[in-house]
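**Student:** this is the structure alone, sequence omitted:
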């Protein structure tokens, strides 16, 4: 189970506020999922009708709002940035959420080695790093291999929803999914459940066009 040598994320500083540090020390063990072997999602969420993977939960505001609006669904938030995980823990405690678990791990590595095939009802990939320079394109999480990987992890009829505010990345995403016959779908209107995050707001103020995609596993 070797880790990918090319990371799709940037390793940022882990400096946290006092509130974030307190949340990590008091709540991490309660809400984190320790990775030792393949995950039994039905055991993690025994009372939930389905499980959705949140890849790159950032500072957690979108994940928390989505989870609050859908208490019957279990959400596994994957994020490498410790302050972001801590911020999500604060929201989980404030909103008294019972349907969110956190994992600090590389998403592709986790999917390849610890998520059972045909186990996920959906995947949210909201505003992944676009890696805009040509030499950085190999770092984009959406590659042909990633599309094939999630095709194996999604249940038939399962979906992935992607949002990006970088138009060249939107074109890249469209091309990679169009080349895989295991998915149908494409560009969709912004869904009502996708709340406006601070990150998206910053992009909109810069005049960026946001593109939403929804692809369904056939």
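**Tutor:** Perfect, thanks for sending it. Everything numeric in this text was worked out from a predicted model, so none of it was measured.
**Student:** please go through this structure and pick out the longest strand.
**Tutor:** The longest strand of the chain (DSSP state E) is strand 154-164.
**Student:** what strands line up against that one, and which way round?
**Tutor:** strand 120-126 (parallel), strand 211-217 (antiparallel) (DSSP bridges).
**Student:** how about these, which one is nearest residue 188?
**Tutor:** When the strands paired with strand 154-164 are compared by Cβ to Cβ, strand 211-217 sits nearest residue 188, at 4.6 Å. Every residue, glycine included, has its C-beta placed from N, CA and C.
**Student:** what residues sit buried inside that closest one?
**Tutor:** For strand 211-217, burial by neighbour count (16 or more other Cβ atoms under 10 Å) applies to 211-215, 217.
**Student:** cool, stretch 15-34 as well?
**Tutor:** Here stretch 15-34 shows 16, 20, 23-24, 27, 31, 33 as buried, counting by 16+ other Cβ under 10 Å.
**Student:** pLDDT and secondary structure for these - can I get that in a markdown table?
**Tutor:** Converted to a markdown table, the buried residues of stretch 15-34 look like this (pLDDT from 0 to 100; DSSP: H, G, I helix; E, B strand; the rest coil):
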| residue | pLDDT | secondary structure |
| --- | --- | --- |
| 16 | 94 | coil |
| 20 | 97 | helix |
| 23 | 97 | helix |
| 24 | 97 | helix |
| 27 | 97 | helix |
| 31 | 98 | helix |
| 33 | 97 | coil |
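**Student:** who does residue 73 form a beta bridge with?
**Tutor:** residue 50.
**Student:** residues contacting the spatially most central residue of the chain?
**Tutor:** By Cα atoms, centre = their mean, the chain has its centre lying nearest to residue 55, at 1.5 Å. Going by Cβ atoms under 8 Å, 6 or more residues apart in numbering, residue 55 touches 78, 107, 123-125, 128, 141.
**Student:** pick out the most distant pair among those residues.
**Tutor:** Maximum distance among the contacts of residue 55 (Cβ to Cβ): 12.6 Å, for 124 and 141.
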